[in-house]
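> Next come a sequence and a model predicted from it.
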Amino acid sequence: MTPQKKRQRGSRFQADAIDPRALDPDARRVVKRLQRHGHEAYFVGGCVRDLLIGREPKDFDVATSASPSAIRRLFRNGRIIGRRFRLVHIYYGDRICETATFRREPPPRGKDDDLLIREDNEFGTAEEDSRRRDFTVNGLFLNPSTMEVIDYVDGLDDLRDRLLRTIGDPFKRLSEDPVRIMRAVKFATRLDFEIEEETWEAMCDVAPDLCRSAPPRVLEEILRLLRAGTGQGAFRMLWACGALEALLPDHADFLGEYRPRTGDHSREARGFFSLLEALDSRVTQGYEPSMALCMAVLYMPLVTAEVDETKAHMGTSVDSTWRGVAWEMIEPLAQRARLSRKEFTRANRLIAMQPGFHMGTAVDEEANDHRFSPLLFARNEDFDEALDLFGLAAQARGKGRDIYESWVARHRRAIAAPLEEVEDEQRRLRKGSRRRRRRRSKPKKRRPSE
């Protein structure tokens, strides 16, 4: 495929570089059935972009002239979803082929200057659908029946130049949906694309409007950035364009004023980005972090700094300090984004468990807290992910690897420990707890004898 620099909009060409075996068979089946019933239907968006640059698509989306109800009639395994954007999920086992009707730009709303799109169910043609999408490289269609690519927005030129550019006026396009700023960051860092200058300027201008976007959708995009293996670069870019202040104001305050040179970063910023770099390294090796671990990575630098400050004022530390600080910091985002209590609580526990990895490691066992049991700690249901978090922090700090490896070995021994040993340890802790309660109880005051 060697597209010429200049071409007519809506041009078509054979995608000889795409191996038909790389196409998802279920998605091809959807397209062919729609076409047999007289509808236009194509692969669209990220799957076409990835196929053309030699990447394996994560999923295949279909766009068609058929309405959602017409799609549903053709596919008994389909279900209409969404209100703001109605589409059809077609199920093949545990896999979904997302199928959407061609859209066009929503009609103007009179004198209202607010460009934010709240409904997007104005159906249109294939060309109108292409022109209302976010970036030129995502506006390409592929007909899997003929292996023909259709380009209405000069997306092929930008794809060849590895340039990320909005379709149409960037300020208008990003104002319609500020989450597109996060998508631009995701594509730029994951695909190693350069953001076109006017698009970048619009991102900086529109960034404050991200606070108006639906928090659950924003959190979903944050998690995608952390799971992409390019989290460090993505968060630097969000920091640079001012988006971080709207998305995570506590983090923006923690990092301070943006500085383009890494050497000029504050100690807090260096620690934060080192932790993201450690996570990126694991992800590129095939590690798939859970939502709880992503949230713990995101907040642990802030919690650690707050705990250190609390200890300085208290002069001592208590185990509940980590849990309380983590809870206070994560809870506001969890409530806004309607994060399940299960995931929120797990993220909190992963952070609160971190001091435990520094206990039970002294040569002189008398120096350790006898209320702590390494055996029971290593058998905790969240131990694996808590240890993963500790390992990432050790990698980011450049120290603590020996402690990490010692706990890996302890974990193996704890899992293999006989039930009698576990029960003995549980009784020891309960006995110690009863002794402490008796020592703390105050003697009753006797009434003076009459």
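That came in fine, so what should we check first?

> List the contacts of residue 388.
282, 287, 289, 293 (Cβ atoms under 8 Å, 6 or more residues apart in numbering). Every residue, glycine included, has its C-beta placed from N, CA and C.

> Of those residues, which is the nearest to residue 182?
Each of the contacts of residue 388 was scored against residue 182 by Cβ to Cβ, and residue 289 proved nearest at 18.1 Å.

> Tell me if the closest one really is in a strand.
No - under DSSP: H, G, I helix; E, B strand; the rest coil, residue 289 falls outside any strand and is assigned coil.

> coming back round to it: write the PyMOL selection for whichever of the contacts of residue 388 are buried.
Here is the PyMOL selection string for the buried members of the contacts of residue 388, based on 16 or more other Cβ atoms under 10 Å:
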select buried, resi 282+289+293
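
> I'd like to know which of the contacts of residue 388 is nearest to residue 55.
Using Cβ to Cβ, residue 287 comes nearest to residue 55 of the contacts of residue 388, at 19.6 Å.

> now the strands: where do they sit in the stretch 151-300 of the chain?
163-164, 194-195 (DSSP state E, counting those that start in this stretch).

> Paired strands for the last one, with orientation please.
Each strand pairing with strand 194-195, determined using DSSP bridges, is listed with its direction: strand 163-164 (parallel).

> chain center to the strand it pairs with, what's the gap?
Distance of strand 163-164 from the chain centroid (Cα atoms, centre = their mean, to the nearest Å) equals 22 Å.

> contacting residues around that strand?
With Cβ under 8 Å, 6+ apart as the test, strand 163-164 has contacts from 135, 137, 158, 184, 187-188, 193-196, 199.

> I'd like the mean pLDDT over that strand, please.
Averaging pLDDT along strand 163-164 gives 97.

> most tightly surrounded among the strands of the stretch 151-300 of the chain?
strand 163-164 (a mean of 20; mean count of other Cβ atoms under 10 Å).

> How many residues are close by residue 217?
For residue 217, the count of nearby residues is 13 (other Cβ atoms under 10 Å).

> pretty sure residue 149 belongs to a strand, no?
Yes - counting by three-state DSSP, residue 149 is located in a strand.

> still on that earlier bit, okay if I get the strands of the stretch 151-300 of the chain as JSON lines plus distance to residue 226?
As requested, the strands of the stretch 151-300 of the chain are exported to JSON lines (distance: least, Cβ to Cβ, whole Å):
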{"stretch": "strand 163-164", "distance to residue 226": "20"}
{"stretch": "strand 194-195", "distance to residue 226": "20"}
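
> Which one of these lies nearest to residue 298?
Closest to residue 298 of those, according to Cβ to Cβ: strand 194-195, at 23.5 Å.

> which residues are in contact with the closest one?
162-164, 184, 188, 203.

> For that strand, what is the distance to the chain centroid?
Distance of strand 194-195 from the chain centroid (Cα atoms, centre = their mean) equals 21 Å.

> Repeat that for stretch 48-65.
Using Cα atoms, centre = their mean, the offset of stretch 48-65 from its chain centre is 21 Å.

> How far does that stretch stretch from one end to the other?
One end of stretch 48-65 to the other measures 18 Å (Cα to Cα, to the nearest Å).

> That stretch: which residues count as buried?
48-52, 57, 60-65.

> same question, stretch 32-42
34-35, 39-42.

> mind giving me the domain split of this structure?
9-161, 162-260, 291-416 (automatic domain parsing).

> And the average pLDDT for stretch 244-262 is what?
Here the average pLDDT along stretch 244-262 is 92.

> Just to check, residue 209 is in contact with residue 246?
Yes - contact status for residue 209 versus residue 246: in contact at 7.4 Å, counting by Cβ atoms under 8 Å.

> count of neighbours near residue 301?
Residue 301: 23 surrounding residues under other Cβ under 10 Å.

> Okay, and it sits in which element?
Per DSSP states H and E: residue 301 is located in helix 291-314.

> what residues does that helix touch?
Residues outside helix 291-314 that contact it (Cβ under 8 Å, 6+ apart): 222-223, 226-227, 248, 250-251, 254, 268, 271-272, 275-276, 279, 289, 317, 321-322, 325-326, 329-330, 339, 343-344, 346-347, 350-351, 354, 385, 388-389, 392-393.

> Among the residues you listed, name the buried ones.
Buried members of the contacts of helix 291-314, counted by 16+ other Cβ under 10 Å: 222-223, 226-227, 248, 251, 254, 268, 271-272, 275-276, 279, 289, 321-322, 325-326, 329-330, 339, 344, 346-347, 350-351, 354, 385, 388-389, 392-393.

> pLDDT weak spots in the chain?
Within the chain, the segments meeting pLDDT under 70 span 1-9, 84, 107-121, 309-319, 360-370, 432-450.

> redo that, cut-off 80
Along the chain, segments meeting pLDDT under 80 span 1-10, 83-85, 106-121, 262-263, 308-320, 360-371, 430-450.

> contacting residues for the residue nearest the centre of it?
In the chain, the residue lying closest to the centroid (Cα atoms, centre = their mean) is residue 223, at 1.0 Å. Residues counted as contacts of residue 223 (Cβ under 8 Å, 6+ apart) are 291, 294.

> What of the one 4 residues further on?
Residue 227 sits next to 283, 288-289, 294 when contact means Cβ under 8 Å, 6+ apart.

> swap the cut-off to 7 Å and go again
Residues in contact with residue 227, defined by Cβ atoms under 7 Å, 6 or more residues apart in numbering, are 283, 289, 294.

> would you turn the residues you listed into JSON lines with distance to residue 261?
Formatted as JSON lines, the contacts of residue 227 follow (distance: Cβ to Cβ, whole Å):
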{"residue": "283", "distance to residue 261": "26"}
{"residue": "289", "distance to residue 261": "29"}
{"residue": "294", "distance to residue 261": "27"}
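
> Which of the contacts of strand 194-195 sits closest to residue 402?
After measuring the contacts of strand 194-195 against residue 402 - Cβ to Cβ - the closest member comes out as residue 188, at 38.1 Å.

> list the contacts for the closest one?
Taking Cβ under 7 Å, 6+ apart, one finds 164, 195, 237 in contact with residue 188.

> from the residues you listed, which single one is nearest residue 405?
When these are compared for distance to residue 405 (Cβ to Cβ), residue 237 wins out at 34.5 Å.

> Tell me the buried residues in stretch 138-153?
Here stretch 138-153 shows 138-144, 147, 149-153 as buried, counting by 16+ other Cβ under 10 Å.
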